[in-house]
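Student: what's the 3D shape of this:
(chains A and B)
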Amino acid sequence: AAGVIQSPRHLIKEKRETATLKCYPIPRHDTVYWYQQGPGQDPQFLISFYEKMQSDKGSIPDRFSAQQFSDYHSELNMSSLELGDSALYFCASSPRLAESSTDTQYFGPGTRLTVL
Amino acid sequence: DQQVKQNSPSLSVQEGRISILNCDYTNSMFDYFLWYKKYPAEGPTFLISISSIKDKNEDGRFTVFLNKSAKHLSLHIVPSQPGDSAVYFCAASGASGTYKYIFGTGTRLKVLA
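Tutor: Predicted structure coming up:
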């Protein structure tokens, strides 16, 4: 079965550079979530999109922005990177947002970002 | 403030025995709970979920129990297998009408052959 695809899988950047992470949800899933997992930490919610509109916002820094496109894929743009941004970034998708909170989110393999 | 807590960072269990992983939460508005399994360098894999209207859900070797009055849920794995060795996260959602997941801190399970 098709899963959530994230690219790139690994990314190394220097401080103050920018990075773009991409997420391709499971087909027919229209809701995308982004999570950040620091070393030894639990995943923390960043932002979510439903039908190309931002649906919820968590602890996402102002230096980060994200959007969902017409094909439902999403991109997380990160600017002025800091050492503390080094983490695993997971994308998850679910089939729908509006109907119920009980729609399971399915996670991608993550992008490991290292900021030097 | 950690709304979802897993107080045991690690657990070792002999193969064939029962593994019990625990999770506590503080927000009574959560209405959906899940368990995810995570291997290194991979994303969390969905295992099992439970709605707040139930107190038990079973799927093969995995059973999740929910005690709403105690704000506690647990995952039972019977029988445990070496391939179950991974980090297990519990997650909760539904508070304040949002669907984002709040994760616990994870429990590393090691099943000994």
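Student: neighbours of residue 110, just the number please.
Tutor: You didn't pick a chain, so chain A it is. Per other Cβ atoms under 10 Å in any protein chain shown, the neighbour tally for residue A:110 reads 25. (Each C-beta comes from the backbone N, C-alpha and C, glycine too.)
Student: chain B, not that one
Tutor: By other Cβ under 10 Å, neighbour count at residue B:110 equals 14.
Student: now residue A:59
Tutor: Neighbour tally, residue A:59, other Cβ under 10 Å: 9.
Student: with the one 10 residues further on instead?
Tutor: The local packing count at residue A:69 equals 12, with neighbours defined by other Cβ under 10 Å.
Student: so who does the residue lying closest to it once chain neighbours are set aside touch?
Tutor: Spatially, and ignoring its direct neighbours in sequence, residue A:69 is nearest to residue A:52 (6.9 Å; Cβ to Cβ, 6 or more residues apart in numbering or on different chains). By Cβ atoms under 8 Å, 6 or more residues apart in numbering or on different chains, the contact set of residue A:52 is A:67-70, A:72.
Student: closest to residue B:25 among these?
Tutor: Minimum distance to residue B:25 across these is 29.2 Å, recorded for residue A:68 (Cβ to Cβ).
Student: in space, what's closest to that closest one - neighbours in sequence excluded?
Tutor: Here the residue nearest residue A:68, using Cβ to Cβ, 6+ apart, is residue A:49, at 3.7 Å.
Student: which helix or strand contains the one you found?
Tutor: Here residue A:49, judged by DSSP states H and E, is contained in strand A:44-50.
Student: for chain A, give me the ranges with low pLDDT.
Tutor: Filtered on pLDDT under 70, chain A yields the residue ranges A:1, A:96-102.
Student: 50 - rerun?
Tutor: A:98 (pLDDT under 50).
Student: what residue lies at the spatial centre of it?
Tutor: Central residue of chain A (Cα atoms, centre = their mean): residue A:34, 2.9 Å from the mean position.
Student: surely that one and residue A:46 touch.
Tutor: Yes. Counting by Cβ atoms under 8 Å, residue A:34 does reach residue A:46; the two are 4.2 Å apart.
Student: what's the overlap in contacts for these two?
Tutor: With Cβ under 8 Å, 6+ apart, residue A:34 and residue A:46 have common neighbours A:60, A:66, A:76.
Student: got these as a markdown table, with distance to residue A:90 columns?
Tutor: Below are these laid out as a markdown table (distance: Cβ to Cβ, whole Å):
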| residue | distance to residue A:90 |
| --- | --- |
| A:60 | 14 |
| A:66 | 13 |
| A:76 | 10 |
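Student: among the residues you listed, which lie within strands?
Tutor: Among the shared contacts of residue A:34 and residue A:46, the ones falling in strands (DSSP state E) are A:66, A:76.
Student: looking at the shared contacts of residue A:34 and residue A:46, state which has the most neighbours.
Tutor: Neighbour max across these (other Cβ under 10 Å) = residue A:76, 24 neighbours.
Student: next up, the contacts around it.
Tutor: Applying Cβ under 8 Å, 6+ apart to residue A:76 gives the contacts A:20-21, A:23, A:34, A:46-47, A:64-66, A:89, A:91.
Student: try it again at 6 Å.
Tutor: A:21, A:34, A:66 (Cβ atoms under 6 Å, 6 or more residues apart in numbering or on different chains).
Student: between those, which sits nearest residue B:110?
Tutor: In terms of Cβ to Cβ, no member of the contacts of residue A:76 lies closer to residue B:110 than residue A:34, at 30.2 Å.
Student: please enumerate the strands of chain B.
Tutor: For chain B, applying DSSP E gives strands covering B:4-5, B:10-14, B:19-25, B:32-38, B:45-51, B:56-59, B:62-67, B:72-77, B:86-93, B:102-103, B:107-112.
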